[in-house]
Every structure is written in C-alpha cells, then in structure tokens.
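[1] Okay, structure incoming, though there's no sequence with it:
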C-alpha cells in the first residue's frame with residue numbers, strides 16, 4: 001500500500017503558482033524545487049509537484065490538458081471547518097484564482113471550489129463525520 005501521494009500538475013508560470021499557493025498557506029520543500037518544478041506540501045504525506053509545462057512534457061507522451069477548457073482532475077482536500085472552506089476559496093479568488101462551483105451544503109458535508117491560475121479545480125470540503133446520516 002502506498003504511503004505518500006504526489007500529484008503532478010503542469011503550470012505555465014512556476015513563480016506565479018508558488019506565490020498563489022503561498023498566499024493560500026501552503027509551503028514548499030526546497031529539496032525538490034528548482035526553476036522547473038516545486039514540491040508543494042498539502043499534508044503530512046500529500047504533495048503536489050507543480051511542474052512547468054516544458055518540463056512536464058518530458059514525463060508524458062500525451063498533450064498537456066488545458067485545464068481552463070477541459071477537466072483533467074478534481075483535487076479535493078479537507079478543511080478544519082466550514083469557515084475555513086470559505087476562507088480558502090476567498091483567498092484563492094483574491095490571489096487571482098476564480099470560483100469554480102458555488103458552495104454545496106449537505107448538512108454533514110460542506111464544500112466550495114476554486115480554479116487556480118492554470119485552471120486546475122480544487123474542491124475544498126469540510127465533513128462532520130459524526131453527522132453522517134445512518
């Protein structure tokens with residue numbers, strides 16, 4: 001069984017992406033950062049490799065998806081509370097991202113989403129596991 005996950009996302013401008021995600025509170029592992037890529041720390045064992053499109057092409061035989069026009073992946077991460085969900089989406093929009101979907105409230109689960117500078121969809125959710133219907 002895997003013990004870590006690494007998402008690899010193509011980005012047009014690495015510096016702008018680092019600045020954007022830094023504004024959202026993420027940090028980066030300098031050991032895996034150079035002019036072509038960075039390792040963004042999402043959680044204890046969860047990482048996103050933000051890779052320039054030019055370098056990303058070295059890892060795939062397929063065309064790189066234009067995430068502004070096509071969906072390549074939905075990235076879902078949890079937040080500590082409903083308020084933190086809304087706070088992260090607002091911060092993302094203020095930093096140049098955009099709202100992707102309006103908030104969805106299912107009572108026990110609340111989510112909202114944004115698109116980052118490259119169009120990747122980030123679903124931010126809070127789940128109260130004690131309130132899940134039986």
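    Done, it's in. Note that the structure is a prediction, hence the values are computed from the model and not measured.
[2] Please count neighbours and contacts with C-alpha atoms only from this point.
    Noted.
[3] does residue 71 sit in a helix, a strand or a coil?
    Three-state call for residue 71 (DSSP: H, G, I helix; E, B strand; the rest coil): coil.
[4] can you pull the pLDDT of it?
    If you check residue 71, the pLDDT there is 91.
[5] Apart from its neighbours in sequence, what residue is nearest residue 72?
    Distance criterion Cα to Cα, 6 or more residues apart in numbering; nearest residue to residue 72, sequence neighbours excluded, is residue 65 at 6.6 Å.
[6] Tell me how far that neighbour lies from residue 91.
    25 Å (Cα to Cα, to the nearest Å).
[7] didn't residue 105 look like it was pressed against residue 125?
    No. The criterion here is Cα atoms under 8 Å, and residue 105 misses it with residue 125 at 9.8 Å.
[8] These two: which is more packed in?
    Set side by side, residue 105 and residue 125 show more neighbours around residue 125, with 23 against 13, by other Cα atoms under 10 Å.
[9] State the distance from the more buried one to residue 62.
    For residue 125 relative to residue 62 (Cα to Cα), the value is 31 Å.
[10] which residues touch residue 97?
    114, 115, 116, 117 (Cα atoms under 8 Å, 6 or more residues apart in numbering).
[11] quick one, what contacts the spatially closest residue to it that is not a sequence neighbour?
    Sequence neighbours aside, residue 116 is the residue nearest to residue 97 in space, at 4.7 Å (criterion: Cα to Cα, 6+ apart). Taking Cα under 8 Å, 6+ apart, we find residue 116 in contact with 92, 96, 97, 98, 122.
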